[in-house]
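Asks: Dropping a prediction and its sequence here:
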Amino acid sequence: MDHLAPNGRMVIVGAVSGFPPADFGMRLMQSFQKSRSVATFSLASIDPTERDAARLASFEAAVRGELHPVIDAVMPLAEAATAHQRMDDGDVFGRIVLRP
């Protein structure tokens, strides 16, 4: 929450890393004056037929070469700690690729 700009929104997609910390609600309320918000998204809320059609269209676009990843940096594996620090600092747009 602390990294969100005024009027920023955090979108939680699934909960694979666990649930928010116990003080999350309080921190959200403390952000009220900056109009920060949280939204959640679960694939369980999407009609399976529509979900599968969208997934198929995405895979077909990837096969045609129409999708391109956003890569922020390519770094040697030895610099993994630096890559993680950059992510923790919010200094990354896209992905960091670690190479052996």
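Replies: Arrived safely.

Asks: if I pick residue 83, what's in contact with it?
Replies: Residues near residue 83 by Cβ atoms under 8 Å, 6 or more residues apart in numbering: 73, 75, 96, 98. C-betas here are computed from N, CA, C, even on glycine.

Asks: 6 Å instead, please
Replies: Remark: with contacts taken as Cβ atoms under 6 Å, 6 or more residues apart in numbering, residue 83 is in contact with 75, 96.

Asks: three-state assignment of it?
Replies: Secondary structure assignment for residue 83 (DSSP: H, G, I helix; E, B strand; the rest coil): helix.

Asks: how close does it get to residue 90?
Replies: Plainly put, residue 83 is 13 Å away from residue 90 if you go by Cβ to Cβ, to the nearest Å.

Asks: Show me where the chain has its helices.
Replies: Counting by DSSP state H, residue ranges of the helices within the chain are 24-30, 48-63, 80-88.
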